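# generate a structure from the sequence data that follows.
(chains A and B)
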2 protein chains.
Amino acid sequence: MGRPTVLPTAADVEAAAKRIAGVAVRTPLVNSSVLDAAVGARVFLKCETLQHTGSFKFRGAYNKLSQIPEAKRAAGVVAYSSGNHAQGVAAAAKLLGMRATIVMPSDAPKAKRERTAAHGAEVVLYNRDTEDRAAIAHKIAQERGATIVPPYDDPQIIAGQGTIGREIAEDLTALGLKPDVLVIGASGGGLAAGTSLALKAAFSDVKIYTAEPEGFDDTARSFKSGHRESNAKASGTICDALMTQIPGEITFPITSKLIGDGVTASDAEVARAVAFAFRELKLVVEPGGAIGLAALLAGRPPVKGKVVVAVLSGGNVDAEMFDKLIAA
Amino acid sequence: MGRPTVLPTAADVEAAAKRIAGVAVRTPLVNSSVLDAAVGARVFLKCETLQHTGSFKFRGAYNKLSQIPEAKRAAGVVAYSSGNHAQGVAAAAKLLGMRATIVMPSDAPKAKRERTAAHGAEVVLYNRDTEDRAAIAHKIAQERGATIVPPYDDPQIIAGQGTIGREIAEDLTALGLKPDVLVIGASGGGLAAGTSLALKAAFSDVKIYTAEPEGFDDTARSFKSGHRESNAKASGTICDALMTQIPGEITFPITSKLIGDGVTASDAEVARAVAFAFRELKLVVEPGGAIGLAALLAGRPPVKGKVVVAVLSGGNVDAEMFDKLIAA
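Now for the predicted structure:
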């Protein structure tokens, strides 16, 4: 785009933590002896499923929207999202008294579309395979003078998601533990970049892996080649939250430096992880939110005997889909 | 039975808390703006669904079993339970290297039977409508010299469940809050008695209500009449964990003094609460575990504007049943 890129830092995550304190949910880091036995490690799950709107996206959205200058607030915000970012922006906008317009793919889960509308946002649908959501959003924003809230490629969004890493560090420190490994889902890379910034600042030795659906491992392949690679397909995994085609311009320089290695999980492995979370953990996790857990349960990466953290990043799944996943 | 009854106290809960520290899960107290809006109060949910074995029962079982003298441990333990106590006892016995035999109703959910066996316990089935589970358990215990672990009418069991109240008090205090109301499920009354002991010790002004399924409100009716009343039916609610026919001999003197008032919820209201927890909270709650939430969502007791706590006491529900509940 030609604009200079200012990468967010751990200090930006600190500032974000102050902004979201008392507004975002301080989500629990849970563990389970059954999970530990299944993975062969000491596993902690950061439950962003329990965050406002059912995913981590509220953190970045609130951090971004709360910094929009007073004069620009009346024109509102515009976002494009497969669903979780949409809800996060809609909820943050409602809290801050701003109008929100969300550009969503027409194949997004019904629950995500309905819940976005329920937060008072206007929903504009587009075809994931033929239309450019960013272009649609930018056109609306230009017409209204509204502020675009990108799903991941924005320093304030990344810093907001990073508060997850800061809370993980706090909770493990309180338990007298240090993490050996973090496994974190990657789509555009906002969650992975922000969380890594904060967790590496607290524990410089932690080894971090991205987790992606099979066939949608643009981030892992980009780590290998050293530049941003694209996915061949734009749809075709049950992980509807993880289908971004290419790592972000701002997220990739961060994730390639702090992570640099990735694992994948198949749709069948993701389904098993969702069923495991239902049966053994009593947690509702959406497919994309279970990608890290799925990889760990499938033995990727190798973590025997280690202290491992994964983020359950979202829980917005239709009852029909959930039923299919837990019946498997 | 003729034996003198020694009622447990808040000091017994303190001692239990030391015994289970680092063994039981320190479960989170979660909140949700959607729930607050639905109830019209500030609602906190103690997630015992995230406890070992998926319910609060592990607390009492471990507190009891860890106090069995070394010389009596080899003979093992015997328990009778609709399922959650069974799993709690089985898991505690396994941790302490003891043999466990569990007498379970033949209509207990398959998940509960299978999971009890998976913890290494021997499962003996009985007919809930025609047989006396206590008699069967006592016969087995006598033959083997094993220790009976009652589901609720035992000071050490009550003290163990009471650690829930102690943790609620700690977490609310850390938030700078005091609870106005606690709504807590009651069957035999172990959870209600223990939790009330501990919460009243910290907050003497808290108003506590039991919550029971419609038609199984023996506790609420006993509060009214002043002596232990029975339910007309032994089965016939989706709350399989809440069908004990009469309040306990030891629990009732405690609950009648510290609680004294109860509310009910219909099966339809319980189903709505389970679906709400799935959709809005991303938590898997079994019907009996959702009774307090169900009552609150139905407007019972009146709590507008108050700080309210409910316990999600268990999450052991079959996939088939869960599917039916969340599809409603």
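
# so who does the most far-flung residue of chain A relative to its centre touch?
Of all residues in chain A, residue A:71 has its C-alpha farthest from the mean position, at 29.7 Å, by C-alpha atoms, centre = their mean. Going by C-beta atoms under 8 Å, 6 or more residues apart in numbering or on different chains, residue A:71 touches no other residue. In this view, the C-beta of every residue, glycine as well, is placed from N, C-alpha and C.

# where's it, which helix or strand?
helix A:70-73 (DSSP states H and E).

# how about the helix or strand following that helix: buried residues?
Using DSSP H and E, the helix or strand that directly follows helix A:70-73 along the chain is strand A:77-80. By neighbour count on 16 or more other C-beta atoms under 10 Å in any protein chain shown, the buried set for strand A:77-80 is A:77, A:78, A:79, A:80.

# and residue A:171, that's in a helix?
Yes: Residue A:171 forms part of a helix when assessed by DSSP: H, G, I helix; E, B strand; the rest coil.

# flag every residue of chain A that's near chain B.
A:25, A:28, A:30-33, A:49-50, A:52, A:54, A:111, A:275, A:278-285, A:315, A:319-320, A:322-323, A:326-327 (C-beta under 8 Å from any C-beta of the partner chain).

# report the central residue of chain A.
Centre-most residue of chain A, counting by C-alpha atoms, centre = their mean: residue A:191, 4.5 Å.

# now do the SS call for it.
Classification of residue A:191 using three-state DSSP returns helix.

# tell me which helix or strand residue A:125 sits in.
Going by DSSP H and E, residue A:125 is in strand A:122-126.

# what sits up against that strand?
Contacts of strand A:122-126 (C-beta under 8 Å, 6+ apart): A:86, A:99-106, A:113, A:116-117, A:133, A:136, A:140.

# buried set for the lowest-mean-pLDDT helix or strand in chain A?
Every helix and strand of chain A was ranked by mean pLDDT, DSSP states H and E. The lowest is helix A:110-118, at a mean of 85. If you call a residue buried by 16+ other C-beta under 10 Å, then helix A:110-118 has these buried ones: A:111, A:112, A:113, A:115, A:116, A:117.

# rewinding a little: which of the residues of chain A next to chain B are buried? Put it as a PyMOL command.
To isolate in PyMOL the members of these that are buried, counting by 16+ other C-beta under 10 Å, one can use:
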select buried, chain A and resi 25+28+30+31+32+49+50+52+54+111+275+278+279+280+281+282+283+284+285+315+319+322+323+326
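
# list the contacts of residue A:203.
Neighbours of residue A:203 in contact, by C-beta under 8 Å, 6+ apart: A:169, A:172, A:178, A:179.

# wait, what's in contact with the second one?
By that I understand residue A:172. Applying C-beta under 8 Å, 6+ apart, the residues near residue A:172 are A:29, A:44, A:178, A:179, A:203, A:307, A:309.

# now, which of these lie within strands?
A:29, A:44, A:307, A:309 (DSSP state E).

# residue in the stretch 51-200 of chain A nearest to chain B?
Residue of the stretch 51-200 of chain A nearest chain B, by C-beta to the nearest C-beta: residue A:54 (5.7 Å).

# ok, that residue touching residue A:313?
No: using C-beta atoms under 8 Å, residue A:54 is not in contact with residue A:313; the gap is 9.9 Å.

# who touches both of those two?
residue A:84.

# quick one: low-confidence parts of the stretch 1-150 of chain A?
For the stretch 1-150 of chain A, the stretches flagged by pLDDT under 70 are A:1-4, A:82.

# got the residue ranges for the strands in it?
Per DSSP state E, counting those that start in this stretch, the stretch 1-150 of chain A carries strands over the ranges A:29-30, A:42-47, A:77-80, A:100-105, A:122-126, A:147-148.

# ranking those strands by burial, who's on top?
Ranked by mean neighbour count, the strands of the stretch 1-150 of chain A are led by strand A:77-80 with a mean of 28 (mean count of other C-beta atoms under 10 Å in any protein chain shown).

# partners of it, with directions?
strand A:100-105 (parallel), strand A:147-148 (parallel) (DSSP bridges).

# so which residues make contact with the first one?
Outside strand A:100-105, the residues within contact range by C-beta under 8 Å, 6+ apart are A:76-83, A:86, A:89-90, A:93-94, A:112-113, A:116, A:119-128, A:133, A:136-137, A:140, A:144, A:146.

# now that strand: how far from the chain's centre is it?
Chain-centre distance of strand A:100-105: 17 Å, with C-alpha atoms, centre = their mean, to the nearest Å.

# so that strand versus strand A:122-126, what angle?
If you take axes from the mean of the first three to the mean of the last three C-alpha atoms, to 10 degrees, strand A:100-105 sits at 20 degrees to strand A:122-126.

# got the CA coordinates for strand A:100-105 in CSV?
Taking Å, rounded to 0.1, in the frame of the first residue of the first chain, the C-alpha atoms of strand A:100-105 are listed here in CSV:
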residue,chain,number,x,y,z
ALA,A,100,-21.0,-0.4,13.0
THR,A,101,-21.3,-1.8,9.5
ILE,A,102,-20.0,-5.3,8.9
VAL,A,103,-19.1,-6.9,5.6
MET,A,104,-19.6,-10.7,6.0
PRO,A,105,-19.2,-13.7,3.7
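
# I'm done for today, thanks for sticking with me.
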